[in-house]
Structures are given as structure tokens and as C-alpha cells.
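Visitor: below is the sequence, then the predicted model.
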4 protein chains.
Amino acid sequence: MTDRISLEALNAADQAGFVAALGDVFEHAPWVAEQASAARPFPTLAALHAAMCAAVRDSDPARQLALIQGHPDLAGKAARAGTMTAESRGEQASAGLDRLSDEEFARFHGLNAAYRAKFGFPFIVCVRRHGKDSILRQFERRLANEPAAELATAREEIFRIVALRLDQRVAASDRLPVHGRLSTHVLDTAAGRPAAGVAVTLLELCDDGSSREVERALTNADGRTDRPLVHERPVPIGRYELQFSVGEYFAGRQLAVTDPPFLDVVPVRFSVAEPEGHYHVPLLVTPWSYATYRGS
Amino acid sequence: MTDRISLEALNAADQAGFVAALGDVFEHAPWVAEQASAARPFPTLAALHAAMCAAVRDSDPARQLALIQGHPDLAGKAARAGTMTAESRGEQASAGLDRLSDEEFARFHGLNAAYRAKFGFPFIVCVRRHGKDSILRQFERRLANEPAAELATAREEIFRIVALRLDQRVAASDRLPVHGRLSTHVLDTAAGRPAAGVAVTLLELCDDGSSREVERALTNADGRTDRPLVHERPVPIGRYELQFSVGEYFAGRQLAVTDPPFLDVVPVRFSVAEPEGHYHVPLLVTPWSYATYRGS
Amino acid sequence: MTDRISLEALNAADQAGFVAALGDVFEHAPWVAEQASAARPFPTLAALHAAMCAAVRDSDPARQLALIQGHPDLAGKAARAGTMTAESRGEQASAGLDRLSDEEFARFHGLNAAYRAKFGFPFIVCVRRHGKDSILRQFERRLANEPAAELATAREEIFRIVALRLDQRVAASDRLPVHGRLSTHVLDTAAGRPAAGVAVTLLELCDDGSSREVERALTNADGRTDRPLVHERPVPIGRYELQFSVGEYFAGRQLAVTDPPFLDVVPVRFSVAEPEGHYHVPLLVTPWSYATYRGS
Amino acid sequence: MTDRISLEALNAADQAGFVAALGDVFEHAPWVAEQASAARPFPTLAALHAAMCAAVRDSDPARQLALIQGHPDLAGKAARAGTMTAESRGEQASAGLDRLSDEEFARFHGLNAAYRAKFGFPFIVCVRRHGKDSILRQFERRLANEPAAELATAREEIFRIVALRLDQRVAASDRLPVHGRLSTHVLDTAAGRPAAGVAVTLLELCDDGSSREVERALTNADGRTDRPLVHERPVPIGRYELQFSVGEYFAGRQLAVTDPPFLDVVPVRFSVAEPEGHYHVPLLVTPWSYATYRGS
């Protein structure tokens, strides 16, 4: 974050400097930054993003197709061979696409082949908005699209990828609406106060039965985690489980409970469908009951 | 159940008939039934059970020790060799002691040896009241007991085993207090009515991470299962998970929900500490929230 | 209840006996019983009720109109003068129509006059299904009806009145579906058990700000009242408040609470719209929280 | 608020200026400010308050007694005659002591007389921390105290009064811990989002059955009121009722509900025991259920 360039500096730079800074946010397509540079100064980051997207939309179809074709296959050979741009690599890693089993790799390979055969360009999706299962579902759904609709979808996904890259790279007074949030709050409704010191683990659940720990935290004096469990990024579409160690918490309060206690680790399982949404999932708990809900 | 003998018939039988019917409820100790037969007639099954226990308590210590020594090792060679009484075999099977891995078998073997070395008699526990993990915990705790206390504990466990056997074998107007109950109820609090047709699965969870399906049911028009999930037996001490397929239920009600829905399969994890207790674990649920508690 | 006549006896009686028993369930219209008697024997009370209603529906329009005209005005002079049939009097009293203020009496008088002027017959409603406010709302709504529709409505209300009278007067193996139920259940979710000994009061709330105590009870060991708060009758359409004295309950459990306690008397306010419905309104409560819902 | 003097200015003033600004925060006792002025500069408002309290605690007993005796009777003749200081008048008005019925006035008069007779000084209480009922309870309890304990209590109450006066009068970087907060939050758990546009009314309930509207607000897009219902002051000890107009809210969402709806105005009744506490009292609501709790 420390080396983000300011919007002010981008506005003040000459064209070469502007392109040096942003020429690669569209993969292998510095011409987008070149064209957008003419629309400076940009009052906001949103205006900069809009100008870059407009440059693409206004370009001729062949150039747009070339832009799309310049992207690597998802979880493709480029990923294994390490020949992707660093940013593509980081993005694919965030969804676990760099850690596929041979079977999964084969599945992606087959989908990539079928997709390229039908549409003539690689499958593009903003992977930071998805878990692995969600990407596979997108892949299968979009394979059924009409070519024209799919071309538009691919372009919109590129615009989402670019928005996240600009968000990481440019400091401005505004933020692009690319961030979701996942947070929790534990209230001890037997004692009428926040439950402090409760261990909370967030897992991402996969369709194959495996799970991955996303975050682990302790609740503070206000019953919240010091930072949201997910923030400053999209919350990937997928299934999650929050695990609250309430047995330990109540044991520490010397309440008379049974052995074993009725409640120990409370699992709350839910899905995220809007990566830019705010998911507040609190727990109201006593040694014998609990409630949870999507809050705000 | 159909071939249970009536208390009336037991009261009317001659001593030989009484002993033929109940001589084996105490393992290899028909003398208990013989002595108890003199106290007939029994107005209730509880009185019969009390008379048999009294016969043991009033017998001389050597005889009591022999009674205890007549029991098989838990999950011991007798289990593998198939030389136990049918009833002991069924009881041990109910806690999964007939399906131990080699590692678990070795652990039981080691505990049995240590226990016998310390106390001079086999470890006896009413296995129908415990899951496998609970039996192992009991084993380890009781190994630390003083011999005199442990002898009394072994005797009380035998009385519990006998109560369950009498409950299965004798029909009377009263029931011995040997049964617990585990039930649920699903209410759709968005619609203000019972949630009918919700698939509910009850799993027993083991410390080694494995789980075992105990029961599977659909909720009826009143949001309950037609029969309690566990009844007519003790609820084994252990950890359980109820899984409620609420995603399917709400999908069938054509509500506008997200894709994927916020809630799909709701897991409720809890422990049972009192095998003869009534555990009512309802779910109050909307597409976006739920609450659960130990009810009555 | 003790002097209810059995359906069997009604089936066995001669016509005169049958009419003597049921001639007055339709107000001033023994001919309905006379005609229905020919359809005997009735296998069920429902069949008897259906036969009486059919006799009315099959009669000529003038006779039906006369039947309707034979009913007293609601809360009319007959009520004050004491010239109504005993059953009409009891029914009107159940909704508080015998305790009207002068202002309310004047309002009913005006509505009666307007209704008679428009339709040519008195306003008939099954008052046991309504609170006073609900009757007034019915009155105003039905004044706007077309005459033909209103005639049918009046007839259906008479059939409801008759069903309730038959339910009180005839013992049969079946019951007519004329009864609702209002019940509660208090669970102490801090202790994981039913809350016993909680004082519960049920009030009916009126639009004029007044209220009337309907029932008062203590919860038993299972957290329920020994009998439902309303049962064996319709639950009158109206607004209600349940008051739960949880402050006293928790004070008796020697919990550390604040002075004054956060929760003392918990009011739960709700409306009944279906007089034959089952309204189960539980309270899940700790010293610092509670939840309520329409249960089953 | 606009004319608060800064702590900086107080630190920079000469002694006369300091006393002119703060000489009257202790009723009729400018000597306290004079003595405290010598301890300047004060880094924080808390340090200023502590210095003033120390000046009182260190003064000789006669002077402390005179300070206490300089206070007006609560709801006494001074209140009716209008001869109190403006600040005392405002404080007593905040608890409704300027609007007493003759009967209440007589009750206060009797308590004042008994208190003065026993202790030789007027009853002093920080009235902004209490509702009228709570003041009367304090009065009765403290009448039973030992004189020495009561003198200390009176002094501490004066320190609380002074803390609130300094909070109003001096601007500093720190705040004295004199403020509580009462807030709410309405979540529509059937729709999984904040309930916007719900009318919320806060009433203070009195033991005599009367009530007083404290605040009225609409929930905003986040389901909260734009400002807390009580803030920037202590929350008076007393009983409250929040009324949530959820019937109107759900009617506006065109949900299929009954007529009348099961829930219309939901009352939540609770007591405040800690005037400086944060009372967050949310409502989780569907057309058929709700939950509330002391949150944070």
C-alpha cells in the first residue's frame, strides 16, 4: 500500500509517465492507458476507471477481441509454467487456482478447451470475487451463453479486474466500490454483555468436503474482532463456516454447566452471494441457546 | 418387544419359572433372581428391580466381587472371539465397540489391562448410556478411583445394565426411568407456521473427526418428526449434530433468495450429558436467521 | 356440559323429541329442526349441522329472510330490556355488548339503524368470534356490501352461531371445528430449562385504550400453564397482551441482576385474526433478552 | 454548547477570571474554584474536576457542611418560588420536579422535612441521573443511613452534579465519564436487511401508571435512528418502553399478512440501572416473531 501513486501525481504526469504507471492494468494493452490519459485530469478514481473502460468500449471490435485474447487461461499451463504477469498470478492464487490437484487441473483444462473452442478466447473471470467452486460454476454456466453475450461478459469481468488493480495501485480521495466485508459480534445474552475472549475461526468450505481456514481471531471487550474477518477486498462467493468456541468462554465464567457442556464449538454455516456486500453475522449466545442472523 | 413377559406372569410363576425368565439379567448370576423371587409379588417393575439390587447389596462381599468378575472385558477378546452372552454382545455393539480399529482395540486392551491390574476385576459400564468417546473418558477417570469407591461404581453400573434389560424383557404398568429422548421442531418464523418437509439428519460426532448417522427424518405438518429422533432408550452421552436442510425448504416456497442462498444446511452441534434427559432442540428459522435452544 | 344430549339419543328420539331438543338453535325457527329431523340418523355432529344448514339453504327466500329478521339487534334495546333469548344474551355478553357505555350504545344504535334501513334486516354476526372492536369494524365494512352478498353473509354467520350452540348442546364422537386455542410456554434459556412459577396474565386490549383481563395463570414445571389460556371456544378476533412477570422469577433464582432489573414484566402484544386458529405464543427469556413468536 | 470556555483559556486566565468562569459550579461556594485555581495548569478536564473535588475533601468539616447546606431542597419551596440558581432549576426540571402534583409535592415536602430533621442538611442527589420514581426511592433509602455515611454520600452527589456542569461549560480534549446512551436498531430478519422507516417511540414509565414521551424517531437505511435516543447526558434510572411500529413497516412491504396483522406496535419494556451505561436495545423482527436483548 505504501507505494501507491496518488491520483494527483497521475493527473500531473506526462503521458509517458501515466502509461508507465497504469499501462499494464489492462493485460498486455498499454493502449488503453494511452487513450485514457487524454481525458485527464480525473477528479476521482471512479472517473479514471470510467475513462479507461470507455476507451475499451469505444475501440473497434478487433482490438477488443485482441484485448480479451491477451489474457491467460484460468489455472492453465501459464499458471504452472510461471509465465503469467505477477498480478494475474496473485489473483489466481487468491482463489486457490495455484494449488489444484491433478484432477482439478484436468477439469479446468477441459473447461478451458471447450470454452476456447466455442468462443475463440480464454475464459475470463474476476477471480478475487469467487471461491474455487464458484469459479467452476461460472465456467459451466457461461459455456452455455451466446457468443455475443459472452463477449460482453468477458469485457465486464476485465473491468472488474481493472477496478481491483486500480484500487490497489492508486491513492485517491474516493474508493471504488470493490470491497465487501464479513464481520461478527458475540453477545452473552445470559449476562447481558459482549462476550470477550471468544475464539472465532472463519473457514471457507469446498464442495469436495475440504475446508480452508480464512481467518482466526479473538473477540475483544466489545464482543467484536479488532478487524472485520474479511475487509478491503471482495468477499469471494462461496460457502463459509464461522466457529465460535463458546464452551471455553462459558467455562471461564465459572457457570454451573453440564459435563460435557450442551454447547461447545458453535458452527454457523452460510453462503456469500454478493462479494461487495456487508455480511455481519453475529451470535447471541447463552450456555443453552443461540441465535444468528444476517445483520448490518 | 412382542415376546416380553408380563410382571403378572412372573409373579404367578413358580421359583424355577421365575429364575428361567430372569436368571441371566445379572451376568452368570442366577442366584440373584433366586433370592429376589422370595420377595414376590412385585406391584411394579421398579419394585422387582429394587429387590434384585437389594439381593446383591445384601450378599457377602466375596459373592459381589465374583458377580463383578463374571463380566466380560469391554471390547475385549471375548468380543472378538464371539464368546460373550448375546445381551452383552448387543450392548457393546450399540456403542460401536464391535467395530473398533486396531488402534482403538489396542487402546481398550491397554486400559483393560491397567484396570484389572489395579482393581482385580473388569471395567464395567452401562454402555448403552455412552458413546465410544464417553466410554474412554469414563475408563480413564475411573482408573484414578480408590478401589472401594470403584467397586461401588461397578455395582451401580451393573444395576443400570440390569434396569435396561428388565425394561426390554418385562411388561408392566410402570416403566423404569431408563429412557431419554431427543426431539426437534422446525418453525418458519418468516411465515409464522411450522416448517413441513424439512429433511433432518442426526449425526453422532466422534473425537477422531468421524461421524455416524443416527437418524434421518422429514418434518411433518406440525414441524416435528413423526417420532422423536432418539427415544425408548438412553441417549448416549456424546456430541451430536443436527443438520436441517432449510435451503431446500425455502427454495420450495418460491421466496426471493440469493444464489447461493444465505442459509442452506444448518448444523446445530450440542452434547448430551444426561442419558435419561429430554433433549428438545428446536430450530426457529427464516431464510436469513435462526435460533436454537434446549427446550422442553 | 354435564347435561349435553347425546347424538345417539337425538337419532333415537321421535320428531317431537328432536325438535324439543334442538328447535331453538335457530332463533325462533323450529321448522329448521323439523325438516332436518327427517334426515336422521346422523353419523356425526358435522352431518347434523350440515343437514340443518341445508334445510335453511333449500327453503324459499321469504322464509330465509324471516329467519334472519327473527334475530335481535346487536346490543340493541332487547339487550337492555332483557327480552332476548337466553342464548343470544349469553353470546352478546361474551363480547362485552351488555356492558356498553352510553356513547358505545349510541354508536351501535346508529349502526343498527343504518343497517336496517339499507338491508331490511338486523345485523347478525357470530359474536363469540369477535371482540367489541372487531364487531364494530365488521359492522362498518358490511354496511358497504351489496344486499344479495350481505344476505348470504348473514346466513353464514347464523350457521356459525348454530355450530357453536350445537357444540355446547350435543355430545358426539366428533367435534365441530369451532374451537381455537391460545397458549404459552416460558423457557429460561439462561438455565436451559422451563421457567416454572412465572405469573402470566392475558389481557384483551380495546381501541379506546382500555383493557380487560381474560386469564391469569402460573407456569408449571414444564413452563406451561396447566390449561391453555383460551380453549374450548373461538379466540375472539382482537388485540391481546400477554404479561410475563419474569423479574420476580429471576429474583427468585438469586441471580446477580441490576437494581432495578433490566427486565421485569415483559409485555407481548399481538392480534388474533383466525378465531379457530391455534395461537401458541412462547417466551424464551434470560434476565437480559427475550424472544417470542407464533409457534405451534 | 457554543459558548463553552476552553480548558486552555481557563488555564491561561488570572485567578479572578478563573473564578468568574467556574465560581458557581459548586453552589454558593466560589472558594472551591479559588483553591483549585492554584493547581493550574490542568492537562485535562478530568484533572480540573479532580482538583475541585480535592479542594472540598481537604477543607475543614464545617466548611463542607456549609457547602452542603447551601443547596436547595429538592422540589422544595425554592422550586415553586423561583429563587433557585438557574442551573439547579434546569436540573430539577429535567427530572420533572417542576411539574409535581400537589400530592407529590406534599410527599417531597414530608421527605425533605424528615431528612433535614435527621441530618441537619438538605437531601442532595444528582437529579439528571434519575427519573422521579428513582429519586423517591433514593430519598427513602438514604433516610435510613447513618449520618456520617450520608454526609459522604451527599458530597459525592455534589461531585456528580459538578461533573455534569463542567461537562456543559468547559471544552477540552477529554470528556468526563458522565454520559450514557440509549440506542436501538431494527433488523428485518425475514428479509435479511435493516428495517428502514420504522417509527420508534421511547416512553418513560412512572410508577403511578403515567408515561412521558422522551423521544420519537424513524429508523434510517441502516435500521438505526440518526442519533441515539438518549445521548450526551446520563440516562435517568427508571423504567422505559420502546414502541416499534412494525405493523406499518410490514404493511408497506406488501407481504401477505393476516387482518389484523399478528404484530402491530411491539412494546419493549426495560429498566435502566446505570445512568452512564450504554443501553443498546435492538429488535430482530419478522411479521410473526421478534427478539430483543441488551446489546452493545
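Guide: Perfect, thanks for sending it.

Visitor: which residue packs closest to residue A:116, ignoring adjacent ones?
Guide: In space, residue A:116 comes closest to residue A:122 once its chain neighbours are excluded; the distance is 6.3 Å by C-beta to C-beta, 6 or more residues apart in numbering or on different chains. Using the backbone N, CA and C atoms, a C-beta is placed for each residue, glycine as well.

Visitor: and that neighbour, how far from residue A:113?
Guide: Between residue A:122 and residue A:113 the computed distance is 11 Å (C-beta to C-beta, to the nearest Å).

Visitor: looking at the two, which one has more neighbours?
Guide: Ranked by neighbour count (other C-beta atoms under 10 Å in any protein chain shown), residue A:122 and residue A:113 place residue A:122 first, with 18 against 12.

Visitor: can I assume that one sits in a strand?
Guide: No: read with DSSP: H, G, I helix; E, B strand; the rest coil, residue A:122 is coil and lies in no strand.

Visitor: show me what contacts it?
Guide: Residues near residue A:122 by C-beta atoms under 8 Å, 6 or more residues apart in numbering or on different chains: A:68-69, A:71-74, A:76, A:112, A:115-116.

Visitor: recalculate using a threshold of 10 Å.
Guide: When contacts are counted by C-beta atoms under 10 Å, 6 or more residues apart in numbering or on different chains, residue A:122 touches A:68-74, A:76, A:78, A:112, A:115-116, A:154.

Visitor: just the residues you listed: which are in strands?
Guide: Among the contacts of residue A:122, no residue falls in strands (DSSP state E).

Visitor: so which one among the residues you listed has the lowest pLDDT?
Guide: Comparing pLDDT over the contacts of residue A:122, the lowest score belongs to residue A:78 (62).

Visitor: thinking again about what came up before, what do residue A:122 and residue A:113 both touch?
Guide: Jointly contacting residue A:122 and residue A:113 under the rule C-beta under 10 Å, 6+ apart are A:73, A:76.

Visitor: what about the helices in the stretch 1-150 of chain A?
Guide: For the stretch 1-150 of chain A, helices defined by DSSP state H, counting those that start in this stretch occupy the ranges A:7-12, A:15-22, A:30-37, A:45-58, A:61-69, A:77-81, A:86-94, A:102-119, A:132-143, A:147-169.

Visitor: and those helices as a markdown table, adding distance to residue D:212?
Guide: What follows is the helices of the stretch 1-150 of chain A, written out as a markdown table (distance: least, C-beta to C-beta, whole Å):
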| stretch | distance to residue D:212 |
| --- | --- |
| helix A:7-12 | 53 |
| helix A:15-22 | 62 |
| helix A:30-37 | 62 |
| helix A:45-58 | 49 |
| helix A:61-69 | 67 |
| helix A:77-81 | 69 |
| helix A:86-94 | 57 |
| helix A:102-119 | 66 |
| helix A:132-143 | 54 |
| helix A:147-169 | 51 |
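
Visitor: so residue A:247 touches residue A:262, yeah?
Guide: Yes: using C-beta atoms under 10 Å, residue A:247 and residue A:262 qualify as a contacting pair, with a distance of 8.9 Å.

Visitor: tell me the contacts of the residue nearest to residue A:69 when sequence neighbours are not counted?
Guide: Nearest non-adjacent residue to residue A:69, counting by C-beta to C-beta, 6+ apart: residue A:121, 4.9 Å away. Residue A:121 makes contact with A:65-71, A:115, A:147, A:150-151, A:154 under the criterion C-beta under 10 Å, 6+ apart.

Visitor: just the buried residues of these.
Guide: Those of the contacts of residue A:121 that meet the buried threshold are A:67-68, A:71, A:115, A:150-151, A:154, by 16 or more other C-beta atoms under 10 Å in any protein chain shown.

Visitor: just flag the most distant two among the contacts of residue A:122.
Guide: Within those, A:78 and A:154 form the most distant pair, 17.2 Å apart (C-beta to C-beta).

Visitor: now stretch A:128-136: how far from the chain's centre is it?
Guide: In terms of C-alpha atoms, centre = their mean, to the nearest Å, the centre of stretch A:128-136 is set 9 Å apart from its chain centre.

Visitor: just stretch A:84-98 next, same as before
Guide: Offset of stretch A:84-98 from its chain centre (C-alpha atoms, centre = their mean): 12 Å.

Visitor: are that stretch and chain B in contact anywhere?
Guide: No: figure legend: stretch A:84-98 not in contact with chain B (C-beta under 10 Å from any C-beta of the partner chain); closest approach 16.5 Å.

Visitor: average pLDDT across that stretch?
Guide: Computed over stretch A:84-98, the mean pLDDT rounds to 77.

Visitor: tell me the buried residues in it?
Guide: Of the residues in stretch A:84-98, A:84, A:87-89, A:91-92, A:94-97 count as buried by neighbour count, 16+ other C-beta under 10 Å.

Visitor: gap between the two ends of that stretch?
Guide: One end of stretch A:84-98 sits 12 Å from the other (C-alpha to C-alpha, to the nearest Å).

Visitor: could you do stretch A:188-202 as well?
Guide: Taking C-alpha to C-alpha, stretch A:188-202 runs 20 Å from one end to the other.

Visitor: now do the contacts for residue A:288.
Guide: Applying C-beta under 10 Å, 6+ apart to residue A:288 gives the contacts A:190, A:250, A:257-258, A:261-263, B:270, B:292-295, C:187-193, C:286.

Visitor: so how far is residue A:257 from it?
Guide: 9 Å.

Visitor: so what sits against both of those two?
Guide: Common contacts of residue A:288 and residue A:257 (C-beta under 10 Å, 6+ apart): A:250, A:263, C:192.

Visitor: name the nearest of the residues you listed relative to residue B:54.
Guide: The closest of these to residue B:54 turns out to be residue C:192 (C-beta to C-beta; 35.4 Å).

Visitor: about what we covered before: and the furthest pair within the contacts of residue A:121?
Guide: A:70 and A:147 (18.4 Å).

Visitor: burial measure for residue A:169, as a count.
Guide: Each residue near residue A:169 was counted by other C-beta under 10 Å, and the total is 18.

Visitor: that one reaches residue A:5, doesn't it?
Guide: Yes: the pair formed by residue A:169 and residue A:5 meets the contact definition of C-beta under 10 Å, at 6.7 Å.
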